[in-house]
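**Q** Here is my input, please return the structure:
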Amino acid sequence: MYNNLIKVASANIKIKLLNVEENKNNILKFLRYAYENNIDIVNFPELTLTGVSAGQMIVSKEIVKRCKVALDEIVSYLKDKKMIVSIGTPISFSNFTLNSQAIIYNGEVYQYVLKNNLNSEQKNYFMEINKNGESMFSGDEAESLYNIFSIQVMNSNLKVAFIFEDDLYTKSSLYDLYIENNVNMLFVMGSSYDTALSASQRKDFLASLSKKDNISIIYSGASTGESSTNNVYTGQKHIFEAGELLESSTPYTDGMIFTDINIDEIRSHNLHVPKHENNIWPVVLELEHKEFRIDRKFNPHPFIPINQTKFAQKAKEILNIQAYALIRRLNQLPEKDIYLGLSGGLDSTQALIVASLAYSILKLDPKGIHAIIMPGLGTSSRTKGNAHKLAEAYGVSVEEISINESVLQHFTDIGHDKDDLSIVYENAQARERTQVLMDLSNKHGGMVLGTGNMSEIALGFSTYNGDHMSMYAVNAGLTKTLLREVVRYVKDMTTHEETKAVLADILDTPISPELLPPKDDVISQKTEDNIGPYELHDFYLYHLIRNRSSFEDTIYMASKAFDGKYSVEEIKKWMALFLRRFSTQQFKRSCTPDGPAIEDFSLNPRNGFIMASDIDILGLE
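**A** As a prediction, the model looks like this:
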């Protein structure tokens, strides 16, 4: 282990049916390689020493005896090695032969996991244990045969369990029991043969379980060397982390795959008090903590799926969630008109896209959407022009209201020098725009649609009671990096060339609140020059806030994710700014408007992230 990372492996040898000695030697080769490469946990499939398809000879006294000798040799090799290894073997107990998985650690078999649900063939020669998963044996010798147990890895949030594939597929309560007891890493000992679609169905099933319960699943399938008398085995191996497939073997190959699991990513929230804690036998083991080579890549944009098909699906669902959330709010109102400030930037563009989609679903006239363009003291002709083009492309009502005279009059009223470009100069413009929108909504009926995103909410990068306020914050669940890609998705999907062109230019425009005067009509105030790159802040938001990772671990992951783009010094600098702003800006989040959650967490103060507004800033430095 290193920090919040644990290196795990899924392996299957090229099985030689009933050749226990050859199989043992191949297992030892794998284990030597695993030890040299700092792998913490290695999982092999069911009946690794004999092969799962060898038939009734598996339980012969000679084969069981040879398996015992081979297992003893493997256990001896693992002495003084803080690795956890799972190996399938038949064992004899009280004149019975049992299908078991030996869990080995530091030169000792800590536990034999017994198979609960034998297949129809295995019932002819293996002893079937109690169906409720409780031990049917007694006495000191039987202690290591207790069927249900988990491993709590010392000094970590990792809780590990092992389960046979057939037990996973049945409707027994074993898997549910593990989940209820907060197991977040499950090793599956495979035994299934494959048919035309079974391999892909299995992979989808495991991915679904991993995603649903936010756990890591490591699957080790039966070897390609299994018998083809009746069936074919494809040797598949998979490693999942919270639904994401990190590593997978090529079908019809044996060997070992391994990668690093982020412990903070799995079961990082919503833990609960176990309902049946007494039914789980806990084992506490210590894994060696040392730095090792990282065998995985960290997604620099964790809110954005790397797989383009998955992202397209997510983008479509995001648009629907936002649109139907807005529809529900509109249904609450007597007047359905929408007023939004259209700046020619990304956030207001996304709000207009969502409003237009909602109106289309409701079959309302798009002219009921009022795009209010409010050029101020920092507006460039590029963004103002794009705002007009966008409003025209979506067929909404558009009105341009300059705020310059109102803001300058306000400066006179409060005695502020118009050449003083301090925070007053900027915030006065933001509040004036909000006042215009609110008053238009009051005058004509309808609602003001907010445009701020979750990254800005996290950083408090908004003007209190200015753009911070609206009647519905439709973008509140979207981070800046994700919002940008959703706009790009809409651009790529549209067949309307004028819309595509204006969206492309908006995507290419530097992010800016445009509250300071431009230079030669070019944006001079660039947000990311001031507060740092949004992609870093969204990375911090995901790992520090969502996953509750430590500062040290987050810096380490960021250094790997952004290797060659940002130095460690830059990562630390912008993380310090993120933490300072996040801790001091809670007062804005405490009174934010309603808005829909998009991810599995939010900064909503009512049912999302809870934090006091007056914590000591030094506490997060």
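
**Q** Can you tell me how far the residue nearest to Phe461 when sequence neighbours are not counted is from Trp574?
**A** Nearest non-adjacent residue to Phe461, counting by Cβ to Cβ, 6 or more residues apart in numbering: Ile531, 6.2 Å away. (Each C-beta comes from the backbone N, C-alpha and C, glycine too.) To Trp574, Ile531 is 8 Å away according to Cβ to Cβ, to the nearest Å.

**Q** shared neighbours of these two, anything?
**A** Common contact partners of Ile531 and Trp574 (Cβ atoms under 8 Å, 6 or more residues apart in numbering): His537.

**Q** Show the contacting residues for the residue nearest to Phe461.
**A** Going by Cβ under 8 Å, 6+ apart, Ile531 touches Leu459, Phe461, His537, Leu577, Arg581.

**Q** Secondary structure, distance to Ile103 and neighbour count for those residues - can I get that in a markdown table?
**A** Below are the contacts of Ile531 laid out as a markdown table (DSSP: H, G, I helix; E, B strand; the rest coil; distance: Cβ to Cβ, whole Å; neighbours: other Cβ atoms under 10 Å):
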| residue | secondary structure | distance to Ile103 | neighbour count |
| --- | --- | --- | --- |
| Leu459 | helix | 46 | 24 |
| Phe461 | coil | 50 | 22 |
| His537 | helix | 42 | 26 |
| Leu577 | helix | 46 | 17 |
| Arg581 | helix | 47 | 17 |
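
**Q** Pull the most distant pair out of those residues.
**A** Distance extremes for the contacts of Ile531: the farthest pair is Phe461 and Leu577 at 10.9 Å, using Cβ to Cβ.

**Q** that's a strand at Ile217, yeah?
**A** Yes. Assessed with DSSP: H, G, I helix; E, B strand; the rest coil, Ile217 lies in a strand.

**Q** beta partners for it?
**A** Residues in a beta bridge with Ile217, per DSSP bridges, are Leu186, Phe240.

**Q** Confirm for me that it is in contact with Val188.
**A** Yes. At 6.3 Å, Ile217 and Val188 qualify as touching, with contact defined as Cβ atoms under 8 Å.

**Q** got any residues that touch both of those two?
**A** With Cβ under 8 Å, 6+ apart as the test, Ile217 and Val188 both reach Leu206.

**Q** returning to that earlier point: with respect to Val42, which of the contacts of Ile531 is nearest?
**A** His537 (37.8 Å).

**Q** residues in contact with the closest residue to Leu421 other than its chain neighbours?
**A** Nearest residue to Leu421 in three dimensions, chain neighbours excluded: Leu516, at 5.8 Å (Cβ to Cβ, 6+ apart). Contact partners of Leu516, counting by Cβ under 8 Å, 6+ apart, are Leu377, Gly378, Leu421, Tyr425, Glu426, Ser524, Gln525.

**Q** now those residues: which count as buried?
**A** Leu377, Gly378, Tyr425, Glu426, Ser524, Gln525 (16 or more other Cβ atoms under 10 Å).

**Q** Turn these into JSON lines, including pLDDT.
**A** Formatted as JSON lines, these follow (pLDDT from 0 to 100):
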{"residue": "Leu377", "pLDDT": "95"}
{"residue": "Gly378", "pLDDT": "92"}
{"residue": "Tyr425", "pLDDT": "95"}
{"residue": "Glu426", "pLDDT": "93"}
{"residue": "Ser524", "pLDDT": "80"}
{"residue": "Gln525", "pLDDT": "86"}
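
**Q** Could you check how far Leu516 is from Asn530?
**A** 10 Å.

**Q** sorry, that was for Leu18
**A** 70 Å.

**Q** out of those two, which sits in the busier spot?
**A** Comparing Leu18 with Asn530 by other Cβ atoms under 10 Å, the one with more neighbours is Leu18, at 19 against 11.

**Q** can you tell me which helix or strand the nearest residue to Ile58 once chain neighbours are set aside belongs to?
**A** Setting aside the residues directly before and after it, Ile58 is nearest to Thr50 in space (Cβ to Cβ, 6+ apart), at 5.0 Å. Under the assignment given by DSSP states H and E, Thr50 is not contained in any helix or strand.

**Q** Likewise for the one 3 residues further on?
**A** In the assignment (DSSP H and E), Ser53 maps to no helix and no strand.

**Q** residues contacting it?
**A** Leu17, Tyr193, Ala222, Glu226, Ser227, Thr229, Asn231, Tyr233.

**Q** Run a quick neighbour tally on Asn427.
**A** Other residues close to Asn427 by other Cβ under 10 Å number 17.
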